[in-house]
Structure formats: C-alpha cells, structure tokens
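Trainee: attaching a predicted model along with its sequence, questions to come.
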Amino acid sequence: MTNASQIREITPAELLSELEAGKELFILDLRNGDEFAQWKVEGIHGPVETVNIPYFDFLEDEDANIARLPQNREITLICAKGGASEYVAQVLESRGYSARNVKGGMQEWAVLYGAKTVVDAGRFSLLQFNRVAKGCLSYLVASGTEALVVDPGRHVDRYVAAAEAKGLRITGVIDTHVHADHISGGHELAAKLGVPYYIADGDMKGSPLPYTELKDGDQVKVGDTTVKVLALETPGHTPGSASLLVNDGYLLSGDTVFVESVGRPDLGGKAKDWAYDLFETLFAKLEGVKDDVLILPAHYSSSKEVRADGLVAERLGNIRAENEAFHVGDKEQFVDYILNDLPVQPATYDTMRLVNRGEVQADEEKAFELEIGANKCAAKHHGH
Amino acid sequence: MSEFATAITVDARGLACPLPIVRLKKAVDGLTSGEVAELVATDKGAAADVPAWARTAGHDLVESRNEDGIFRFYIRKR
C-alpha cells in the first residue's frame, strides 16, 4: 500500500484553475448520493466527467467498483472532507491506477471563491467573484483608491484581501436584495469596516440590522465621480430587488436577469404578483438600458452561462435576443411561462432570508449546513 | 443500554472518515451471521454514512443513537 504522504494532492484553488483552463478531468466523487445531488464539482466551460461511488460502496465491492474507473487516465478523487478520498486514492494507486486527492474535499470546494477581472481601465476596475460550488457571484467595483462590494458572500475576508491587494479602501457594501440561497456577508463586512450597508427597503424593512436605504435613482459614489452606481428598483425576484448601473456600461442585475434565465418570483409566497412585477421590470423598467450594457448577475446555474474568458456576463442585447424569457409574449403569457415548471424551493431558503434580515442567528456550523447545495434562484434551471 | 449482546465494540471516537466505517466493516466481516457489532463514533460525516453502508452491505442496522454528539450504532451481521 502506498504511503499516505505519497498521494498526490490538489487544492480546490488548483482544481478550479484546471477547470478554467478547460483541462479534461475524470472525477471520482466518494460522497453519498444525497450529498452528490445537492452540489458537486462542476466544469466551468462544460460538464466534467464524474462518477459517484460512495466510499462505503467502494469498500464493500472494490473489484466491481474499480472496474468502473479508467486505467489510462488520472483520477481526481473528492469526498466530503478529504479523508475518505485519500484512503481510496491509496487503494487505487496500489492497484495500478493513477489517483490524486482533492485536499479538504467538498468542504473546502464549498467555500472557494474564484476572482476574475471584468474590466481594468486604470482608475476604474470591476472584479467578479465566483463561489463556484453554489454559483454565487459578487463584485468589487473600484474607482481611484475606493471600492464598493456588491452581494458579498459570508466569507468577508475574501473581499478584504482583494481590496488590500489592489491598494483599495472599501467605502460601502451593497446587497442587491435579501438573498435566500446564501448567507450575505454584507452587514458583517460593513460593520467590520465601519462603512454603510446599502439595501432597498422592500426586502429589509423591519429588520433589526442597521442599513442605509437604497432607493430608485440613488447614486452611490465611489472614488472620483467616474463611477456612478445608479440604483434601479427592479422588483420581481423580490420586492426590494435593485439593479446597479455602473458607469453606464455594466448592470449588476442581482437575481433579476441572468445570462440564461430570469429570477424566480415565488420565494416569498406571492409568485403571481411578483411575476407581474418581473414582467414590468424586464420590459418597462429596463427598456431604457442599452443593448451594449454588460449584464453581471448574482448567480448562474450552468457552464453554458460562462463566457470563454471564464466570466459570467453577457451583453443585454444578446440576452434580449437569446434569453427565452424575453420572447414569451404578452404579460399573461410571460407570467404563465415563469410560473410553469419552477424548480423546487430548497427547504433552507426561508431560514436563510431570516438570517440575512438579522432575525435568526447562525454560527459557522449552522451557516455551512444552511448553505449546502447549488443555488436555485432562477425561474428555469438548465443542466450543464 | 443495549437490549442485545454485542460481540464486538469498535471505538472510533475521535477518528475521522473513512476510519469509522473501515473499522466497522472489518469487525463485522469477522463476525458470524446474527452477531451484533457496536460502533461508537464522534465524526458526524461517518455517522451519516453508517446507515447507507449497512444497506449496501446487506446488514441490519438494529439501533442507532446520538448521545450528545457520541453516535452509537448496532449492526447485526446478515
């Protein structure tokens, strides 16, 4: 049996780099079927070949399960925390297979945030963070020496570090809406830095957390006036959803518009009302936004929504031309289309909203458990 | 207190995945049909996997308990 110290390891960050580079991997996921169904390592540019064999199944019938694996390719093993995958990697190596272990397992993959530059124009720059396990996107909007963070995840150190690395001072934090699929780091980050936490009243009213109300037409300044964050009230996904038009060229659309879908309006129990709102938002509110504006959403659910450069972004004009939701027809047909076939709402979403409104507390362990699973924020979910 | 005699106890407290199930399997493999093995574990992940392992392996999970974070499982060998 190969010595444990000889099993090759790959960190989640390195794994992400390989997927971003389009490397063709073979993944053996050793978690049980339920966990695998909730979330797994997804390819960035397309599906990644994956076999799910719970490690205890592997133990029960090593021969039969090994026969399912390729002998001429490197096998990348992952489990919940990295222990079982290391063990099975040793077994594979001892039987002549090429195996390497994802260090820290899904637990580490789950909190990995990739970061990519959307634009870097000297004084103005925009960075997209991607929490790949969940498909959650957040942003650092910088001008001069100042920056705003938009829709941060709860691992606020990622944003602090990114700002520091670029010599920026975070002067404000914005949540485009009260999120249901992840725990926002918005309040925590703002409180930690002593800066305002901006969010619209619609979702946050009555919350015990302090916030600065974001209203339609507000301009949040950052750095010199080259960056104007114009808040457009864009209800539909939630009543308080806001989209942020940055420098007239980038629309941080929250969960209103995605690259391939639109936000689901049923997460508040008023699906039909909010679906009508969503129609107004997409066809009236956003009508004045030019085709050339780049849509930068808060979520994605498929590698089909990722551009060749690895960013989740699309010209509004292309979205208008290709996104199904924009072609359904009149208001009534749109509402039917949206409400038909909505994905199941995960059980944790109600609780997460309460956490984000500051009405329920969650320690690290509870937070991790609540956040298990890829996001289900879109009205239509496409496979990879 | 268990109502049945356990032929062997696997103390996997403090051990992380996959050791609890690796050791449990080894213990059960060494029993004769009908005998019961007890697993004591603290690892939550392993605890969640024990019922699924028992199903796959065809053994009976006759009882499982969570005593304030200490998980006890009683597996009867098929």
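Mentor: Arrived safely.

Trainee: wait, a helix at A:Met352?
Mentor: Yes. Read with DSSP: H, G, I helix; E, B strand; the rest coil, A:Met352 is one of the residues of a helix.

Trainee: show me the shaky parts of the chain.
Mentor: All of this refers to chain A. A:1-5, A:225-228, A:382-384 (pLDDT under 70).

Trainee: actually chain B
Mentor: B:1-3.

Trainee: for chain A, what are the nearby residues on it?
Mentor: Within chain B, the positions near chain A by Cβ under 8 Å from any Cβ of the partner chain are B:16-19, B:21-22, B:25, B:45, B:48-49, B:52-53, B:56-57. In short, each C-beta sits where N, CA and C put it, glycine included.

Trainee: from the middle of its chain, how far away would stretch A:180-192 be?
Mentor: Here stretch A:180-192 is found 14 Å from its chain centre; the criterion is Cα atoms, centre = their mean, to the nearest Å.

Trainee: before we move on, what about stretch A:258-276?
Mentor: 18 Å.

Trainee: ends of that stretch, what's the gap?
Mentor: The separation between the terminal residues of stretch A:258-276, taken as Cα to Cα, to the nearest Å, is 18 Å.

Trainee: give me the buried positions along it.
Mentor: A:258-268, A:271, A:274-276 (16 or more other Cβ atoms under 10 Å in any protein chain shown).

Trainee: so which of those comes closest to A:Arg95?
Mentor: A:Glu260 (42.0 Å; Cβ to Cβ).

Trainee: could I get the contacting residues of the residue nearest to that closest one when sequence neighbours are not counted?
Mentor: Of all residues not flanking A:Glu260 in the chain, A:Glu305 sits nearest, at 5.1 Å (Cβ to Cβ, 6 or more residues apart in numbering or on different chains). Residues near A:Glu305 by Cβ atoms under 8 Å, 6 or more residues apart in numbering or on different chains: A:258-260, A:312, A:314.

Trainee: hmm, try it at 10 Å
Mentor: Residues counted as contacts of A:Glu305 (Cβ atoms under 10 Å, 6 or more residues apart in numbering or on different chains) are A:135, A:258-261, A:297, A:299, A:311-314, A:378, A:382, A:384.

Trainee: narrow those residues to those that are buried.
Mentor: A:135, A:258-261, A:297, A:299, A:311-314, A:378.

Trainee: from these, which land in helices?
Mentor: Of these, none are assigned to helices by DSSP state H.

Trainee: out of those, which sit inside strands?
Mentor: If you go by DSSP state E, these have A:297, A:314 in strands.

Trainee: closest one of the buried ones among the contacts of A:Glu305 to A:Ile338?
Mentor: A:Ile338 lies nearest to A:Ser261 out of the buried ones among the contacts of A:Glu305, by Cβ to Cβ, at 9.5 Å.

Trainee: check the gap between the residue nearest to A:Glu260 and A:Asp266 for me.
Mentor: A:Glu305 is 21 Å from A:Asp266, where distance means Cβ to Cβ, to the nearest Å.

Trainee: can you give me the helices for the stretch 151-300 of chain A?
Mentor: Under the criterion DSSP state H, counting those that start in this stretch, helices of the stretch 151-300 of chain A are mapped to A:157-165, A:186-193, A:201-204, A:271-283.

Trainee: follow-up on the earlier one: just put the buried ones among the contacts of A:Glu305 in a markdown table and tack on distance to A:Leu282.
Mentor: What follows is the buried ones among the contacts of A:Glu305, written out as a markdown table (distance: Cβ to Cβ, whole Å):
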| residue | distance to A:Leu282 |
| --- | --- |
| A:Gly135 | 21 |
| A:Phe258 | 11 |
| A:Val259 | 14 |
| A:Glu260 | 14 |
| A:Ser261 | 12 |
| A:Pro297 | 13 |
| A:His299 | 16 |
| A:Leu311 | 22 |
| A:Val312 | 19 |
| A:Ala313 | 18 |
| A:Glu314 | 14 |
| A:Ala378 | 14 |
